[in-house]
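**Q** I would like to see how this sequence folds:
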Amino acid sequence: MIGFRSHVHGDWKLRWELVIRLLISCFLALQSQLALVAVPRYLSFLPLLAMLPISGVVMMATLGLGRCCRGLFGISAYAPALVLFHTLFLWGAYISVIREAVPSLLDAAMNVQCPLLMFGLYRIIFSDPGVVTDDYSNPEVLPLCSYSESKLQSKGSFPLTRVRYCRICSANVLGFDHHCPAFGNCIGQKNHRLFMALLVGFIISEASYAFCSINLPGDLVVSTLLFSLLQIFWQVIFLTWHIYCICFNIRTDEWINWRKYPEFHVDSRCQPASDLEYRNPYDNGVVCNIQEFLRPKAPTSSN
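**A** Okay, here's the model as predicted:
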């Protein structure tokens, strides 16, 4: 009975902490959006392009202030919830202010995009990025020389090649690219295509919102337009980077940490890090690399 009570108490504690994090995320999203409203309200004499960098500074200042407050009180937000609440705020602004000025066909498309984004966000948060559950050692602490030469197979399973360790999730992930805070999950071989589709979906949705609101008056309309343009700016850069990685069959983690992975060294023998030269053994040409991304090869058994 005591064990049962402890379990129930712990379960309710976790749920309460989650509710608090969701409420904080909602508050921060509203705080950011309301702070952006002040830009067109008090700087309406400036052209839109001049307000854009100012809006970026306001967003960064608001996020920094929110982070300081969270650190002071020992509480944290939930990044995917921030993405969700910002999306819902834009959708609410569209329905309440912009929708009447939009043609019916475009209006239908706009009202389909938001539910699809929320569904995609749900899918990627709970997706399996390719976690390897076998008893592998942490690849980051393996000897650099033996790792590349022996491929370090374990328990008759597929080789450890291209299985990387995520410190945040404390898990080995096949085809690990990066841990995405915005989606609260690792991006690996199993959900990389979903990640790219969702990233493109956000860009299309925000570009559609910007197109619908570009010539409409109102502080809320202009502030949400500025927010959408800021999002498009960094997301297009992010998308361009990932397209580059797909074309050359390189992961973000591998590009940053290639010195730790001996298969990316021209000479596999142990040598000083300053003398290492880069090569990509996975690059089979742009066409083959794209095909491999669209149809990844299943791990082969070493039996």
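
**Q** in the stretch 101-250 of the chain, which spans are helices?
**A** Remark: helices assigned in the stretch 101-250 of the chain by DSSP state H, counting those that start in this stretch are 104-125, 144-150, 192-213, 219-247.

**Q** can you redo the ones you listed as TSV with mean pLDDT and mean neighbour count?
**A** Where you see a C-beta, it was placed from the backbone N, CA and C, and this is true even at glycine. Shown next, in TSV, are those (pLDDT from 0 to 100; neighbours: other Cβ atoms under 10 Å):
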stretch	mean pLDDT	mean neighbour count
helix 104-125	93	15
helix 144-150	34	15
helix 192-213	96	18
helix 219-247	96	18
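
**Q** nearest to residue 89, of the ones you listed?
**A** Nearest of the helices of the stretch 101-250 of the chain to residue 89, taken as Cβ to Cβ: helix 219-247 at 7.6 Å.

**Q** helices and strands around that closest one, which ones?
**A** Counting contacts by 3 or more Cβ pairs under 8 Å, 6 or more residues apart in numbering; DSSP states H and E, helix 219-247 packs against helix 2-42, helix 48-73, helix 79-93, helix 192-213, helix 252-256, helix 286-294.

**Q** quick one: average pLDDT of the first one?
**A** Think helix 2-42. Helix 2-42 shows a mean pLDDT of 76.

**Q** go on, stretch 127-140?
**A** Stretch 127-140 comes out with an average pLDDT of 69.

**Q** re earlier: got the helices and strands packed on helix 219-247 as JSON lines, with distance to residue 276 columns?
**A** Below are the helices and strands packed on helix 219-247 laid out as JSON lines (distance: least, Cβ to Cβ, whole Å):
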{"stretch": "helix 2-42", "distance to residue 276": "42"}
{"stretch": "helix 48-73", "distance to residue 276": "36"}
{"stretch": "helix 79-93", "distance to residue 276": "35"}
{"stretch": "helix 192-213", "distance to residue 276": "27"}
{"stretch": "helix 252-256", "distance to residue 276": "14"}
{"stretch": "helix 286-294", "distance to residue 276": "23"}
